[in-house]
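Asker: my questions are about this predicted structure, shown below with the sequence.
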There are 2 protein chains.
Amino acid sequence: MSDDHKQYATYNDVHNLCKKSAKGPLEKFQINLIIAIGGGGYIPARILRSFLKKTPDAPNIPIQAIGLSLYERLGTDSVEEAPGTEVKRLQWLDMNSSMANLIGKNVLIVDEVDDTRTTLKYAVEELEKDVEEARKQLPPGDERKNKETKFHVFVLHNKDKVKKGNLPTDMTDNDQRYCAAVTTGDVWICYPWEAENIEEHDRQAKLHPIVAK
Amino acid sequence: MSDDHKQYATYNDVHNLCKKSAKGPLEKFQINLIIAIGGGGYIPARILRSFLKKTPDAPNIPIQAIGLSLYERLGTDSVEEAPGTEVKRLQWLDMNSSMANLIGKNVLIVDEVDDTRTTLKYAVEELEKDVEEARKQLPPGDERKNKETKFHVFVLHNKDKVKKGNLPTDMTDNDQRYCAAVTTGDVWICYPWEAENIEEHDRQAKLHPIVAK
């Protein structure tokens, strides 16, 4: 992708996308725990929290962080081929405390962008698997044994392109547990927290804002 | 404090304070792990990470989150007295994995504001204690046994006022391991991620910006 495809989101754009989503499609999810995928998920996660409806059991919705990194894995022989993609865990939730704490919750997984969907697929599948594992490790008679955990996904931007990973169909069908604030073309999105010069970033955002598809 | 004392920081203000600090006083700390105190520490932590110098062992500096809440504890009898303050852990690091991972690191504890210093004192003291506990639990011969852990503190704003909590003197003397981007008066600071209306917040920030003391 060339620089011509760059589109810029300002902090205030991000703030307003979080506000609109929290007061709109995300409200019905009744979220009581957020998992931010680092590094892009931290800032939207924190802003979302200001706008998500507080519940008696979660006056301040806790934010847990996981770190995932997408590696472009090159083919093993010398012939150049389309790179595979692999997700590496940089930071994960502890099985005994944090993971067990997810049981019975409405969990919102937050990232900035849904590009190839590889990272999100990995996060959802691995978290679902580990929560079930943590559930098995609960002592007999623990009241959480039968409480359902529901995972939901929020991204600021979903790129309309062929995805390499699939989320569970009951999550994405009719966007039941999936929410993208904006669907964009296959463009290069520049986020403000990565800007070396934020004033120049804002100037570029005026010239090349994010365009909804 | 009345509304007259409100001062406003925009997202771009926060961005530039993080940039200036990361490229200035924080650089010498050679940070390789960040602990964000939620909810105010998340956003500065993520922005700082973009500007902190990457090291070979930490190309992306991991961010761990802890949740602390300051409670105003009322006196136990009916006579009105100055409220005491108590810190409550909403979220902490797991002893076996996350806490052990701090051993031998240069850790930067990040919060948005240093008001009474109660929360920061609690965070530094408890983390220091728990890291030493995690160190004791390492198996004999583990190479991390003798590696020093150094805690540092970063806040966007330090209010110049009598503090209720003290940090270790070797941390604050000559600001050796303590960095506040700005020292302010005892004012009410409004952060952008708490703004219901970000455009109005920015207008207020033009009228009532943060004033360094």
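Answerer: Right, received. Where do you want to start?

Asker: near chain B, which residues of chain A are found?
Answerer: Residues of chain A lying close to chain B (Cβ under 8 Å from any Cβ of the partner chain) are A:10-12, A:15-16, A:19, A:36, A:38-39, A:42-43, A:45-47, A:49-50, A:60, A:62-65, A:67, A:69, A:90-91, A:94, A:96-98, A:192-195, A:198-199, A:202. Glycine gets a C-beta too; all of them are placed from N, C-alpha and C.

Asker: all strands of chain A, in order?
Answerer: A:6-8, A:33-38, A:63-73, A:84-91, A:106-114, A:150-159, A:178-184, A:188-190 (DSSP state E).

Asker: mean pLDDT and mean neighbour count for those strands - can I get that in JSON lines?
Answerer: Putting the strands of chain A into JSON lines (pLDDT from 0 to 100; neighbours: other Cβ atoms under 10 Å in any protein chain shown) gives the following:
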{"stretch": "strand A:6-8", "mean pLDDT": "97", "mean neighbour count": "18"}
{"stretch": "strand A:33-38", "mean pLDDT": "92", "mean neighbour count": "24"}
{"stretch": "strand A:63-73", "mean pLDDT": "80", "mean neighbour count": "17"}
{"stretch": "strand A:84-91", "mean pLDDT": "79", "mean neighbour count": "14"}
{"stretch": "strand A:106-114", "mean pLDDT": "97", "mean neighbour count": "24"}
{"stretch": "strand A:150-159", "mean pLDDT": "97", "mean neighbour count": "23"}
{"stretch": "strand A:178-184", "mean pLDDT": "97", "mean neighbour count": "20"}
{"stretch": "strand A:188-190", "mean pLDDT": "97", "mean neighbour count": "17"}
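
Asker: nearest to residue B:23, of those?
Answerer: Minimum separation from residue B:23 across these (Cβ to Cβ) falls at strand A:188-190, 20.4 Å.

Asker: and the closest one, what does it pack onto?
Answerer: Judged by 3 or more Cβ pairs under 8 Å, 6 or more residues apart in numbering or on different chains; DSSP states H and E, strand A:188-190 is in contact with strand A:6-8.

Asker: other SSEs contacting the longest helix seen in chain A?
Answerer: Using DSSP state H to define each element, chain A has its longest helix at helix A:118-136. Packing partners of helix A:118-136 (3+ Cβ pairs under 8 Å, 6+ apart): strand A:33-38, strand A:63-73, strand A:84-91, strand A:106-114, strand A:150-159.

Asker: for residue B:145, which of the ones you listed is the nearest?
Answerer: It is, among those and with distance given as Cβ to Cβ, strand A:84-91, at 23.5 Å.

Asker: so what strands line up beside the closest one?
Answerer: In the sheet, strand A:84-91 lines up against strand A:63-73 (antiparallel) (DSSP bridges).

Asker: and the angle for the partner strand with strand A:106-114?
Answerer: 40 degrees (axes from the mean of the first three to the mean of the last three Cα atoms, to 10 degrees).

Asker: distance from the chain centre to strand A:63-73, please.
Answerer: 10 Å (Cα atoms, centre = their mean, to the nearest Å).

Asker: what's the answer for stretch A:185-193, then?
Answerer: For stretch A:185-193 - counting by Cα atoms, centre = their mean - the centre lies 15 Å from the chain centre.

Asker: contacts for that stretch next, please.
Answerer: A:1, A:3, A:5-11, A:14, A:40, A:43, A:112-113, A:157, A:159-161, A:198, A:201, A:204, A:210-211, A:213, B:11, B:15, B:46-47, B:50 (Cβ atoms under 8 Å, 6 or more residues apart in numbering or on different chains).

Asker: stretch A:127-144 too?
Answerer: Contacts to stretch A:127-144, defined as Cβ under 8 Å, 6+ apart, come from residues A:35, A:93, A:95-96, A:99-100, A:102-104, A:107, A:109, A:145, A:149, A:151.
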